[in-house]
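> Provided below for reference: sequence and predicted model.
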There are 2 protein chains.
Amino acid sequence: MGLTKTQEFTSQQNDLANLAKALGHPARIAILQFLATSQACVCGDIVDELPLSQSTVSQHLKELKKVGLIKGSIEGPSVCYCIDNEAWQNAQSKMAALFEMYKDPSCC
Amino acid sequence: MGLTKTQEFTSQQNDLANLAKALGHPARIAILQFLATSQACVCGDIVDELPLSQSTVSQHLKELKKVGLIKGSIEGPSVCYCIDNEAWQNAQSKMAALFEMYKDPSCC
DNA sequence: TACCTTAATCGTAAGATTACGATTTAAGTT
DNA sequence: AACTTAAATCGTAATCTTACGATTAAGGTA
């Protein structure tokens, strides 16, 4: 098959899974870390920072844009990328909420 | 190709990506939520809780075991599943650390 | 021993992901 | 208009993922 049974789960579960999926590649983690630690917007020198080709990096950026974590604004001939603050906060709290569901181990 | 260039990234980036990947499916989110909210260990009635076949659920459980988030102990004819407290705490702080890298938006 | 239950594994099909080179698109420059 | 630069998209190949039915393995019961 190969296709997830999305409709069988809640939208919260799907949202969180999609967010996690977007974080599920070291290149995308690296991109986010790079954007998070750079003070200003980054005008596309992300390709030079990563050990991947331009087209592959562009594909990863697309994935991150899809879940809203980053946004790109056209700045002359290049594109400036930065983290979307609102989406970032939202993702942070959603992920935190998952981990906070489990507290002390009542057994095992 | 289809294979991730793991060796080109740091082990921290790979670890976090693998963790996120494990969370990147609504069924696995559902399993974790189920285990997290149930007080005691769950003796394999997870299949009944999910809209998936027994073999598919078993496969998802395997993925979660692979990253250590859950563990299963044989209890007679069935298996008791629960969240691995240490791995859970570890995952929580790793994920939190990622989100804490970005603070206030310096631009955009 | 034969039977039943529970869960893992096998085999397989459909589809998604990752990666790259090549091409296209868009904006600025000469 | 022709050229350069930056980034998205296209086309494609290899591999991974998701899902299910069928089978196997392990443990308990009649």
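Received it, and whenever you're ready, just let me know what you need. Numbering: from 1, shown residues only, chains lettered A, B, ... in the order given.

> pull the CA atoms of stretch A:39-50 into CSV?
Extracted in CSV, the C-alpha atoms of stretch A:39-50 (Å, rounded to 0.1, in the frame of the first residue of the first chain):
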residue,chain,number,x,y,z
GLN,A,39,20.2,36.4,14.1
ALA,A,40,18.9,37.7,10.8
CYS,A,41,17.1,36.2,7.9
VAL,A,42,19.3,34.0,5.8
CYS,A,43,19.5,34.7,2.1
GLY,A,44,19.9,31.3,0.7
ASP,A,45,23.5,30.4,1.6
ILE,A,46,21.9,27.3,3.1
VAL,A,47,23.1,25.2,0.2
ASP,A,48,26.7,26.0,1.0
GLU,A,49,26.2,24.9,4.6
LEU,A,50,24.8,21.5,3.7
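
> show me the contacts for A:Thr10.
By CB atoms under 8 Å, 6 or more residues apart in numbering or on different chains, the contact set of A:Thr10 is B:Pro26. Every residue, glycine included, has its C-beta placed from N, CA and C.

> mean confidence score for stretch A:24-36?
Here stretch A:24-36 scores 98 as its mean pLDDT.

> next one: it to chain centre, how far?
Distance of stretch A:24-36 from the chain centroid (CA atoms, centre = their mean, to the nearest Å) equals 8 Å.

> check whether it contacts chain B.
Yes. Stretch A:24-36 reaches chain B (CB under 8 Å from any CB of the partner chain) through A:24-30, A:32-33, A:35-36.

> for the closest residue to DNA strand D within chain A, which non-adjacent residue is spatially closest?
Here the residue of chain A nearest DNA strand D is A:Gly44; by CB to the nearest atom of the strand that distance is 1.8 Å. Using CB to CB, 6 or more residues apart in numbering or on different chains and skipping residues adjacent in sequence, the residue nearest A:Gly44 is A:Ser78, 4.8 Å away.
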